[in-house]
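Asks: sequence first, predicted model second:
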Number of protein chains: 2
Amino acid sequence: MDEYRETELKKRISESTIRRLSLYHRALETVEENGKETVSSKELAKMEKLTPAQVRKDLSFFGSFGTRGLGYPVTDLKVKIARILGIDRIWNIALVGVGNVGSALVSYKEFARQGFKIVKLFDNDQRKIGSNHKGIVVSDVKNIVSELSGSEIEMVVVCVPGSVAQFVVDDIVKAGLRAILNFAPINLKVPDNVFVRNENMAMELEYLSYALVNNHSKNRVK
Amino acid sequence: MDEYRETELKKRISESTIRRLSLYHRALETVEENGKETVSSKELAKMEKLTPAQVRKDLSFFGSFGTRGLGYPVTDLKVKIARILGIDRIWNIALVGVGNVGSALVSYKEFARQGFKIVKLFDNDQRKIGSNHKGIVVSDVKNIVSELSGSEIEMVVVCVPGSVAQFVVDDIVKAGLRAILNFAPINLKVPDNVFVRNENMAMELEYLSYALVNNHSKNRVK
DNA sequence: TCATCTATGTGAAAGCCTTCACAAAATAGG
DNA sequence: CCTATTTTGTGAAGGCTTTCACATAGATGA
């Protein structure tokens, strides 16, 4: 296989592999900035704390991108991974809930840098509706279905309290959108063709808490 | 086994199990609010989109908390999971990088609610140093080693740009801290006894991008 | 008290993901 | 052109995680 095409793909690619593709992509950006033209699986692995075999196996699901004895062409591989991930384009995004977290994300440079463009804001607070955040006027969330339906927006970031997140998400689904990044600490119910990713920052601190309390060590010899 | 003790534990508990404990904990909070006194593995599973067998297996690593024919005692199980996770106490936390994301987290209620208390702020920007965020005065990051060493702070949230994150983390390690929640999009190098959790929000959007472009469906029949 | 029902706890099986190990392919240097 | 070296691509093995399936134990109701 020389080039990846989803329609030809039989095997399901695991979630872990896709997440690592993101890591390879950012590692390749770094390598490219340093002016290197080729990079080995060993070097990529070291940069992201993985094994060389893992890197090669992941990439092999999508094609043969490397040259034996030499490694992978940096820019070329970066472009190919971007194409696989679908980040070789601009994605227009709406954000609901312009609170602390929401307004931080409006200005979050990493989103913009990767082509994720927040173009619409919603809130239910009359004091916020009509106000301007980084050039975007906040709309009333009660119009969300009509404003998103048939628009150029394909993803929504949800930063509302848990108590109302399900209602907001029901509307997003009603508008026909299929990709949601959820910051509310609840399990959202959506149809099977809608994708939800959860960002649960408190959960990560809980994991750290567990690790400290149980005195784990990555290297522990038992 | 009736009660969980780490020192007696032989088998390593998987990361996924610990993450799910957080989910069970929040589900139990909801169930408790609704006034129920017992809950079955089936109900817990439904709330977090898992399987009943998964719930029972996870809990069984730590003890026998349920009653056959009846289910689990809600409050009791919640308290026991909190103890396992180490969230039956207050954790004092420092935050470095009072930018968009950093200052949003200072006001993030979910942290406070779970006992994660941000008590110290650092930045390298002279305009921010000395300013007040929610009652906390921002300190100069160049004093971070001395200010953290031997303090009551045990975790650090890092919200600085990728280009300086490694330097900040080196200082955190130097100060003897062992738990870091990292928002910078780089792989941090730390000794094996230091725990790092990465919060990579752009990566989650990249996953959504991949899912949309490749028209996956959780239920696809191949 | 006894029969029925419900839901846990857990070995075993199945499934999934990572690592191993090596043939193959290309480079590099003479 | 030939040999030594490097590094990929990949079946197979190994290891880890989830799911299955059922014995067990307590609840419930007559």
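Replies: Sure thing, it's come through.
Asks: just for chain A, where's the confidence low?
Replies: Within chain A, the segments meeting pLDDT under 70 span A:1-11, A:217-222.
Asks: repeat that with 50
Replies: A:1-9, A:219-222 (pLDDT under 50).
Asks: residue numbers of chain A in contact with DNA strand D?
Replies: Contact residues (C-beta under 7 Å from any atom of the strand) of chain A with DNA strand D: A:1, A:40-42, A:52-53, A:56-57, A:59-60, A:64-72. Backbone N, C-alpha and C define where each C-beta goes, glycine included.
Asks: quick one: which of these sit in helices?
Replies: A:41-42, A:52-53, A:56-57, A:59-60 (DSSP state H).
Asks: ok, of those, which come out buried?
Replies: Using 16 or more other C-beta atoms under 10 Å in any protein chain shown as the burial test, those include A:41, A:56, A:59 as buried.
Asks: return the member of those nearest to chain B.
Replies: Nearest to chain B out of those is A:L59 (C-beta to the nearest C-beta; 14.8 Å).
Asks: per-domain residue ranges of chain A.
Replies: Each domain of chain A is listed here as a residue range: A:6-85, A:91-204, per automatic domain parsing.
Asks: quick one: the helices in chain A?
Replies: A:15-33, A:41-48, A:52-60, A:74-85, A:100-106, A:109-113, A:144-148, A:162-174, A:201-213.
Asks: want to throw those helices into a markdown table with distance to chain B?
Replies: Output for the helices of chain A, formatted as a markdown table (distance: least, C-beta to the nearest C-beta, whole Å):
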| stretch | distance to chain B |
| --- | --- |
| helix A:15-33 | 4 |
| helix A:41-48 | 5 |
| helix A:52-60 | 13 |
| helix A:74-85 | 5 |
| helix A:100-106 | 4 |
| helix A:109-113 | 5 |
| helix A:144-148 | 15 |
| helix A:162-174 | 9 |
| helix A:201-213 | 3 |
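Asks: the spatially closest residue to A:R178 that is not a sequence neighbour: what's it in contact with?
Replies: Closest residue in space to A:R178, ignoring its immediate chain neighbours: A:V194 at 4.9 Å, by C-beta to C-beta, 6 or more residues apart in numbering or on different chains. Neighbour list for A:V194: A:173, A:177-180 [criterion: C-beta atoms under 8 Å, 6 or more residues apart in numbering or on different chains].
Asks: for those residues, which two are the farthest from each other?
Replies: A:V173 and A:A179 (10.8 Å; C-beta to C-beta).
Asks: neighbour-wise, which of the two wins?
Replies: In this view A:V173 and A:A179 are compared by other C-beta atoms under 10 Å in any protein chain shown, and A:A179 has more residues nearby, 22 against 19.
Asks: still on that earlier bit, show me the contacts of A:V194 that map onto strands.
Replies: Using DSSP state E, A:179-180 are the members of the contacts of A:V194 that sit in strands.
Asks: ok, so of the contacts of A:V194, who is nearest chain B?
Replies: Nearest to chain B among the contacts of A:V194 is A:A179, at 4.1 Å by C-beta to the nearest C-beta.
Asks: and the closest residue to A:A211 other than its chain neighbours, what does it touch?
Replies: Here the nearest residue to A:A211 in space, its sequence neighbours aside, is B:F195; by C-beta to C-beta, 6+ apart that works out to 4.4 Å. Listed by C-beta under 8 Å, 6+ apart, the contact partners of B:F195 are A:208, A:211-212, A:216, B:178-180.
Asks: against DNA strand C, which of the ones in helices among the residues of chain A next to DNA strand D make the cut? List them.
Replies: Among these, proximity to DNA strand C is found for A:53, A:56-57 (C-beta under 7 Å from any atom of the strand).
Asks: columns distance to A:S151 on top of those residues, output as a markdown table?
Replies: Formatted as a markdown table, those follow (distance: C-beta to C-beta, whole Å):
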| residue | distance to A:S151 |
| --- | --- |
| A:A53 | 44 |
| A:R56 | 41 |
| A:K57 | 39 |
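Asks: pairing partners for the lengthiest strand in chain A, with directions?
Replies: The residue-count maximum for a strand in chain A (DSSP E) belongs to strand A:116-123. Sheet pairing of strand A:116-123 (DSSP bridges) gives strand A:91-96 (parallel), strand A:136-140 (parallel).
Asks: what about A:S151, how many residues nearby?
Replies: 15.
Asks: hang on, I meant A:R178
Replies: 20.
Asks: who in chain A is up against DNA strand C?
Replies: Contact residues (C-beta under 7 Å from any atom of the strand) of chain A with DNA strand C: A:12, A:14-17, A:50-51, A:53-54, A:56-57, A:67-70.
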